[in-house]
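Q: what's the 3D shape of this:
(chains A, B, C and D)
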There are 4 protein chains.
Amino acid sequence: MVNLSANDVMVAKAARVSTIGKRSAADDLPTEGLINFLMRDRHGSPFEHNHFTFLVEAPIFVAREHMRHRAGWSYNEESGRYKELEGVFYKPAPERNLVQVGKAGAYRFEPGNEAQRHVVERDFYSAYAWAFQHYTGMLNRGIAREVARMVLPVGIFTSYYATCNARSLMHFLSLRTISEDAQCPSFPQREIEMVAEAMEREFRESMPYTHAAFVKHGRVAP
Amino acid sequence: MVNLSANDVMVAKAARVSTIGKRSAADDLPTEGLINFLMRDRHGSPFEHNHFTFLVEAPIFVAREHMRHRAGWSYNEESGRYKELEGVFYKPAPERNLVQVGKAGAYRFEPGNEAQRHVVERDFYSAYAWAFQHYTGMLNRGIAREVARMVLPVGIFTSYYATCNARSLMHFLSLRTISEDAQCPSFPQREIEMVAEAMEREFRESMPYTHAAFVKHGRVAP
Amino acid sequence: MVNLSANDVMVAKAARVSTIGKRSAADDLPTEGLINFLMRDRHGSPFEHNHFTFLVEAPIFVAREHMRHRAGWSYNEESGRYKELEGVFYKPAPERNLVQVGKAGAYRFEPGNEAQRHVVERDFYSAYAWAFQHYTGMLNRGIAREVARMVLPVGIFTSYYATCNARSLMHFLSLRTISEDAQCPSFPQREIEMVAEAMEREFRESMPYTHAAFVKHGRVAP
Amino acid sequence: MVNLSANDVMVAKAARVSTIGKRSAADDLPTEGLINFLMRDRHGSPFEHNHFTFLVEAPIFVAREHMRHRAGWSYNEESGRYKELEGVFYKPAPERNLVQVGKAGAYRFEPGNEAQRHVVERDFYSAYAWAFQHYTGMLNRGIAREVARMVLPVGIFTSYYATCNARSLMHFLSLRTISEDAQCPSFPQREIEMVAEAMEREFRESMPYTHAAFVKHGRVAP
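A: Purely as a prediction, here's the structure:
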């Protein structure tokens, strides 16, 4: 988290301008019930008068999923054209499920056996090292960064600033987390879910009533 | 101005993530030249990681022009369905030009003569008072607010929260202010220009380098 | 309806690019089941590769509600600055409910009695005529259109082009129509609901499977 | 190009609703001069009532640059989670410049010498083949597609539908093509410029007056 300017009181103020007008002393009125009502009846706009800026470090395949979120999101990312990339790559942690069962749109994942875990360990190392060696080799011979980087895998780490408001953040969370509270099932890849979980912690801390109402009403963005 | 979270340093940080990456100690580097470069070459996204929330009090015809700005803007407005509106109306100040010359897209305005000023003074009072009397009359007889309000003129005041980022704000300013520095001529109605001028003061104060670069490069949003 | 370029087959094509890739002979595959699945699991983006352009004629208070819809919508509207407005005003039809009961966010409406109906009939006529007379009076004395129009009521008709895609249209319909099929209650003003109903007819005709899936899954935009 | 619904006449119709209103027989009026005026004075909204849907086949590093365009763009892309990817990779053509000179934000490119060309030829083949071999090897041992694909390079081809309107397309073209007509310099990577050039041909063909005005006024989106 880099920066945020978000709280529950501003949600209530923005909602009350509809019904009470500008002179509302909204700070002194209770906000919890109002926020619940807004969430339940999908009055989304009062949740937009705030902002969260995150500095995300994640592999490219995660950044790609993240940046598909357009409405209410802004991004600035490290560029393989403008800088030489570091050889930092994502490797599945030991607890990461490796085997996919079921059909498109409703996958489940299972741990995989020891042989599979070994293959992943070995092949990721081999593939990443080979790719990065070719990348630096080409750079050393004067090939342009924007050309040499084409051989780098989507598992390489990138970093980017991502800015959103609470409404667009809830939309992101509804699609990129798995929860028993969710009214509608989601099937995010585990790696972007980890990014989403970190964002959700910041969200819950800065806007506790909004977060509680989001959970209570099925984790659907209003 | 209700709330803002905006400064020049974050613009530079967001821009530098492209070229230096996440470890940038951007706070310690000079930002003015970089911001100038971003503005000149229309790199707009670094100007989006911030937000401004304004509480605007303006007549409906101004709110209508304002809310045509969609990208990067959020609104919550007083509702004539949910609350009884107050009888506060906009009247042109004595210095407001009343006469329009020239053709569509390139109007100029002139003060008007004394007779015209008198007509406006009289007719505005007469029209507003008559409309509001009918409005309250219908309310008193139990007519729904959402029906009775149909007779209220677009000169009645409304209030709304408007949230944007610096990039969308600059786009707004480029279209809603008149300036000799502008590369491209604009023809805003004077009443929305007054709103824009108030916003520009807040913008200049919180992001002085960004504002200076905006002015220097023809008041075009990057 | 002015123009549309929308059908169910393109939805299926766009969705199948994820799973089958570019060589999909999607035209020959059944689309109904796939569209149902997309709607149920909120895969919204395949519904964006199309467009609807409507020419709407409605009073200003409806246009104001309509133009609050920003994401995926484009507008061009008649201007009271650039043309002299015609004196065509909205009057509630005899079957329009006039009395509002219940509290904010959950209003119900009732017809009203004969006296109330008479008051509306009389006061609307009186208020509209008076306002328009002042408007034309000021124009005749050389007052600028953008000034004179300030006294015109929000019940005056305007016209505008509104363009959207099927996803943004469904979002609009979910908020601006009342239906027993709706998973989440909505409380639109009757006048914008009439606009929405006309749009829904075009939508149903051009994208029958998409419309059926929208209704089946609670009239929530995916 | 998959589908388009775009022409110059609709631009003029949308613009004329401001000044003439709904009854405009805009089809019969000349449109060229009006479109020029709209472009020059940055009246952008009349260019939004249309749509272009492209099926793009490009390497991932191009798709990543493309999808940074958010406002007015919709995407659906082939998924490495839902389908096994084919081993089709991008290789720089013989005429592609390989060497980068100058500094960030103002690079120039030069052909490179024969040795460099040879290195690229050899290293691209080696890096791509190795990565794809590891990918299929892991799939064959039952590793989930979403895991195995992490080792694939950003030079692998993907395919996606991209939908936009003429205004968002012009913004894209202004940043992703290099032209002597451009008022503001751009530095796109050659590979996305090739995508942009293909789009521009479709644009020019369907909206010749709009395209001509875009070029005439410095290739800046209105």
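
Q: give me the contacts around stretch A:201-221.
A: Stretch A:201-221 has contacts (CB atoms under 8 Å, 6 or more residues apart in numbering or on different chains) with A:1, A:4, A:6-8, A:11, A:31-32, A:35-36, A:38-40, A:42, A:44, A:47, A:50, A:52, A:54, A:166-171, A:173-174, A:177, A:179, A:181-184, A:200. In this view, the C-beta of every residue, glycine as well, is placed from N, C-alpha and C.

Q: buried among those? Need that as a selection in PyMOL.
A: Buried members of these can be picked out in PyMOL with the line below, counting by 16 or more other CB atoms under 10 Å in any protein chain shown:
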select buried, chain A and resi 4+6+7+8+11+31+35+36+38+39+40+42+44+47+50+52+54+166+167+168+169+170+171+173+174+177+182+200
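
Q: from the contacts of stretch A:201-221, which ones fall inside strands?
A: Taking DSSP state E as the definition of strands, the contacts of stretch A:201-221 contribute A:4, A:52, A:54.

Q: ok so, going back, which ones, among the contacts of stretch A:201-221, also lie beside chain B?
A: Among these, proximity to chain B is found for A:4, A:50 (CB under 8 Å from any CB of the partner chain).

Q: mind listing which of the contacts of stretch A:201-221 are in helices?
A: Cross-referencing the contacts of stretch A:201-221 against helices under DSSP state H gives A:8, A:11, A:32, A:35-36, A:38-40, A:166-171, A:173-174, A:200.

Q: near chain C, from those?
A: Within those, those near chain C by CB under 8 Å from any CB are A:40, A:174.

Q: follow-up on the earlier one: of all the ones in strands among the contacts of stretch A:201-221, which comes closest to chain C?
A: residue A:52 (18.7 Å; CB to the nearest CB).

Q: can you pull the residues of chain A lying near chain B?
A: A:2-5, A:10, A:13-15, A:17-22, A:45-46, A:48-51, A:53, A:55, A:57, A:74-79, A:82-83, A:86, A:159-161, A:163, A:165.

Q: any quick PyMOL command for the buried ones out of these?
A: Per 16+ other CB under 10 Å, the buried members of these correspond to this PyMOL selection:
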select buried, chain A and resi 3+4+5+10+13+14+15+17+18+19+20+21+22+45+46+48+49+50+51+53+55+74+75+76+77+78+79+82+83+159+160+161+163+165
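
Q: so, low pLDDT: which residues of chain A?
A: Along chain A, the model assigns pLDDT under 70 to residues A:1, A:22-28, A:104-105.

Q: can you give me the strands for it?
A: A:3-5, A:51-59, A:74-77, A:99-101, A:108-110, A:157-164.

Q: sheet-wise, list the partners of the fourth one with their directions.
A: Strand pairing for strand A:99-101, using DSSP bridges, gives strand A:108-110 (antiparallel).

Q: which residue sits closest to residue A:42, ignoring its sequence neighbours?
A: residue A:222 (4.6 Å; CB to CB, 6 or more residues apart in numbering or on different chains).

Q: how much space between the residue nearest the centre of chain A and residue D:76?
A: By CA atoms, centre = their mean, the mean C-alpha position of chain A lies nearest to residue A:196, the distance being 4.1 Å. Counting by CB to CB, to the nearest Å, the gap from residue A:196 to residue D:76 is 21 Å.

Q: for residue A:81, same thing?
A: 26 Å.

Q: please apply the same query to residue A:41.
A: Counting by CB to CB, the separation of residue A:41 from residue D:76 is 31 Å.

Q: hmm, residue A:106 is touching residue C:37, no?
A: No - judged on CB atoms under 8 Å, residue A:106 makes no contact with residue C:37 at a distance of 9.6 Å.

Q: correct me, but residue A:82 touches residue B:15?
A: No - the pair residue A:82 / residue B:15 is not scored as a contact, 10.3 Å apart, by CB under 8 Å.

Q: who touches both of those two?
A: With CB under 8 Å, 6+ apart, residue A:82 and residue B:15 have no common neighbours.

Q: what does chain A have sitting close to chain C?
A: Counting by CB under 8 Å from any CB, chain A sits next to chain C at A:19, A:37, A:40-42, A:45, A:68, A:71, A:104-105, A:174-175, A:184-185.

Q: and the gap between residue A:84 and residue A:131?
A: 14 Å.

Q: neighbour-wise, which of those two wins?
A: Neighbour totals were compared for residue A:84 and residue A:131, and residue A:131 leads with 26 against 13 (other CB atoms under 10 Å in any protein chain shown).

Q: which residues touch the residue nearest to the centre of chain A?
A: Residue A:196 neighbours (CB under 8 Å, 6+ apart): A:172-173, A:176-177, A:188.

Q: make it 6 Å
A: Taking CB atoms under 6 Å, 6 or more residues apart in numbering or on different chains as the contact definition, residue A:196 lies against A:173, A:176-177.

Q: and if you look at residue A:75?
A: Residue A:75 sits next to A:67, A:160, A:162 when contact means CB under 6 Å, 6+ apart.

Q: name the nearest residue to residue A:60, ignoring sequence neighbours.
A: Leaving aside its chain neighbours, residue A:60 sits nearest to residue A:154 (4.4 Å; criterion: CB to CB, 6+ apart).

Q: list phi and psi for that neighbour.
A: Backbone torsions of residue A:154, given as degrees, to the nearest 10, read phi -70, psi -10.

Q: tell me which residue of chain A lies closest to chain C.
A: Here chain A gets closest to chain C at one residue, residue A:71, 4.9 Å apart by CB to the nearest CB.

Q: and for that residue, the neighbour number?
A: Counted with other CB under 10 Å, residue A:71 comes out at 15.

Q: is it correct that it is in contact with residue C:73?
A: No - at 11.7 Å, residue A:71 does not count as touching residue C:73 under the criterion of CB atoms under 6 Å.

Q: and residue A:7, backbone torsions?
A: Taking degrees, to the nearest 10, you get phi -160, psi 170 for the backbone angles of residue A:7.

Q: swap in residue A:141?
A: phi -90, psi 10.

Q: sorry, back to before: distance to residue D:205 added to the strands of chain A, as a markdown table?
A: Formatted as a markdown table, the strands of chain A follow (distance: least, CB to CB, whole Å):
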| stretch | distance to residue D:205 |
| --- | --- |
| strand A:3-5 | 46 |
| strand A:51-59 | 40 |
| strand A:74-77 | 33 |
| strand A:99-101 | 44 |
| strand A:108-110 | 47 |
| strand A:157-164 | 37 |
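
Q: quick one: contacts for the residue nearest to residue A:90 when sequence neighbours are not counted?
A: Sequence neighbours aside, residue A:59 is the residue nearest to residue A:90 in space, at 3.9 Å (criterion: CB to CB, 6+ apart). Applying CB under 6 Å, 6+ apart, we find residue A:59 in contact with A:90, A:155, A:157.

Q: right, and residue A:128 touches residue A:89 too?
A: Yes - contact criterion CB under 6 Å: residue A:128 and residue A:89 qualify, at 4.4 Å.

Q: longest helix anywhere in chain A?
A: helix A:114-140.

Q: helices or strands up against it?
A: helix A:145-148, helix D:114-140 (3 or more CB pairs under 6 Å, 6 or more residues apart in numbering or on different chains; DSSP states H and E).

Q: rewinding a little: show the contacting residues for the residue of chain A closest to chain C.
A: Contact analysis of residue A:71 by CB under 6 Å, 6+ apart lists residue C:71.

Q: got phi/psi on residue A:98?
A: The phi/psi pair for residue A:98 (degrees, to the nearest 10) is phi -110, psi -10.

Q: kindly report the residues of chain A close to chain D.
A: Contact residues (CB under 6 Å from any CB of the partner chain) of chain A with chain D: A:67, A:70, A:82, A:98-100, A:104, A:116, A:119, A:123, A:127, A:130-131, A:134, A:138, A:141-144, A:146-147, A:150-153, A:155, A:189.

Q: farthest pair in the residues of chain A next to chain C?
A: Using CB to CB, these span at most 45.6 Å, a distance reached by A:19 and A:104.

Q: measure residue A:192 to residue D:146 for me?
A: 10 Å.
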